[in-house]
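Peer 1: predicted structure and sequence below. I'll ask about it afterward.
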Amino acid sequence: MIELVDVIVVGGGGAGLAAAIEAAESGARTVLLEKNQSLGGTTAWSIGSVTATQTPHQRRKGIADEPLHHWEDMPGFAGELAPRDNAALRRVLCDAMPETFQWLLDSGICFYGPMPEPPHRQPRMHNVLPNSRAFIYHLERRARSAGVDIRLGVRVASLDLNGDRVRGVVLEPEMGAERLTLHARGDVVLAAGDFTSDPALKHRFMGPREANVDAVNATATGDGQRMAEALGGTILNGDLALGPEIRFIAPAQENFLRRLPPWRWLALGMQWALDHVPMTLLRPFMMKFLTTMLAPATALFEDGARLVNQKGERFGDERQGPSLRLPDQPGKVGWILIDAAIAQRYQAWPHFISTAPGIAYAYLDDYRRNRPDVFTEAPTLAELAQRLGMNSAALERSGAESEGRPALSQGPYIALGPVRSVFVHSEGGLRVDEMHRVLDQQGTPIAGLRAAGSTGQGGLLLKGHGHHLAWAFASGRRSGQLAADAARTS
């Protein structure tokens, strides 16, 4: 059975919702397909930063800024990788963000900021309130109001090619059901995220050890990249990713900041509080976030902390790539072992356990108060091992002098964990042009196919906070508009 629509969007995260909204508001009959039972994608898992220039928040603080300066500053985050960047797409991003940021505000989303983040010459990082679910809540409402046909729990099996043009998608049939093909008068927009949870693609582009590392988003399986590759599309920068990095396991129950409903009045109240209430009063609330979402500082290992597995054994030098060895340990988890001397050092600036740039820093006592599930303390290593179910002799060996570093010898001893190794996101997206058309190996556009967000990253390097979400929304909006244009002229 074949169903005809104007625009098809594959993926229900930030990029997909932006594409679907723009297509529908341009008058196109738009279908959004999401394989999960709810919208969100990696956007819903994110910290929620969006980096942009010429925002109302900048103007209120008297900050004069412009997209050209943003474009010029971004390579500073890439460092030696800067020659691999797609400068043309970087310009598309920076030029599109002032309008895109206002579009997010018009959708009902609230931000706090801007925050400084060198090497940006001006503060440009804006943090969503009350949490990243606000993006999905407000954009879903806008999408449904625009008439987007949102279909959840629907998996796309392949792209439907007619001659040299993508005409639509083939859906995986439900048990006993007839296979359904959706055709589009305009274009198909792939916005299905990255491939951090696909072992095969990670193995091919990064290596066998990286293939064993889990991801923050367990459903980011590179569906869009694989479908486009089958038609001659190519993946750029597949070897680059944020991670693997060590993170604390999530608490059994989400903290109250993540559970806050994304209501606009609540976000506006939080925005007022952040502007007017002293940080000393806000800090206890901020710590609920910092001790849940972020990675422990690698400086801990430079200062003598050990990383041990479930047996209490070290598994290599913690200062040299522990995040790649951790997934090979029992249960893929470990614990950070410190003594009283290190604990005392990590009670105050500049020695923090975790940080959200421009917001706040979390120290050891913050973890003691807010994450008792990952904080275990005992007067001796033997007793600590007993409390954690580890081998006491192994844990004592782990705390001994090694690699020229002194032994952990001052009790009480603390174990922070479990921790695990994860990829936050990958940079490997399909090669696209400035119109977000997917290109084949010869650099020729594959007719009828566009890609947005991580799926259509096109070699663009998005280092620094707030650029991945910025690209998701900017490229999604543009792709949706262009797909609707194609439907009108078909």
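Peer 2: Ah, there it is. Predicted model, so just to flag it, every value in this text is computed and none were measured.
Peer 1: walk me through the domains of the protein.
Peer 2: Domain assignment for the chain by automatic domain parsing gives 2-242+425-489, 246-423.
Peer 1: quick check: which of these is buried the most?
Peer 2: domain 2-242+425-489 (a mean of 21; mean count of other C-beta atoms under 10 Å). Where you see a C-beta, it was placed from the backbone N, CA and C, and this is true even at glycine.
Peer 1: quick one: that one to chain centroid distance?
Peer 2: 12 Å (C-alpha atoms, centre = their mean, to the nearest Å).
Peer 1: secondary structure class for the residue lying farthest from the centre of the chain?
Peer 2: Residue farthest from the centre of the chain, counting by C-alpha atoms, centre = their mean, is residue 393 at 39.6 Å. Assigned with DSSP: H, G, I helix; E, B strand; the rest coil, residue 393 falls in the helix class.
Peer 1: going forward, begin numbering at 7 instead of 1
Peer 2: Sure, I'll start numbering at 7, so the last one becomes residue 399.
Peer 1: can you put the domains of the chain in a markdown table and add mean pLDDT?
Peer 2: Shown next, in a markdown table, are the domains of the chain (pLDDT from 0 to 100):
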| stretch | mean pLDDT |
| --- | --- |
| domain 8-248+431-495 | 95 |
| domain 252-429 | 85 |
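Peer 1: quick one: residues contacting residue 99.
Peer 2: 466, 473, 476-477, 480-481 (C-beta atoms under 8 Å, 6 or more residues apart in numbering).
Peer 1: do the same with residue 52
Peer 2: So residue 52 contacts 138, 474-475 (C-beta under 8 Å, 6+ apart).
Peer 1: if we can go back for a sec, so what's the residue farthest from the centre of the chain up against?
Peer 2: Residue 399 touches nothing, counting by C-beta under 8 Å, 6+ apart.
Peer 1: if I look at it, how far off is residue 405?
Peer 2: 11 Å (C-beta to C-beta, to the nearest Å).
Peer 1: in this structure residue 462 contacts residue 442, no?
Peer 2: Yes: counting by C-beta atoms under 8 Å, residue 442 is a contact partner of residue 462 at 5.7 Å.
Peer 1: mutual contacts of these two, please.
Peer 2: 456, 481, 485.
Peer 1: nearest to residue 410 among those residues?
Peer 2: The nearest member of these to residue 410, counting by C-beta to C-beta, is residue 481 at 48.4 Å.
Peer 1: quick one, phi psi at the residue nearest to that closest one when sequence neighbours are not counted?
Peer 2: Excluding the flanking residues, the one nearest residue 481 by C-beta to C-beta, 6 or more residues apart in numbering is residue 458, at 4.1 Å. Here is the backbone geometry of residue 458 (degrees, to the nearest 10): phi -140, psi 170.
Peer 1: now do the one 5 residues further on
Peer 2: In terms of degrees, to the nearest 10, the main-chain angles of residue 463 are phi -80, psi -30.
Peer 1: could you list every residue that touches it?
Peer 2: Neighbour list for residue 463: 95, 242-243, 433-436, 438, 477 [criterion: C-beta under 8 Å, 6+ apart].
Peer 1: same check on residue 246?
Peer 2: 87, 90, 432-434, 467.
Peer 1: tabulate these (JSON lines), appending secondary structure.
Peer 2: JSON lines is the format used below for those (three-state DSSP):
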{"residue": "87", "secondary structure": "helix"}
{"residue": "90", "secondary structure": "helix"}
{"residue": "432", "secondary structure": "strand"}
{"residue": "433", "secondary structure": "coil"}
{"residue": "434", "secondary structure": "coil"}
{"residue": "467", "secondary structure": "coil"}
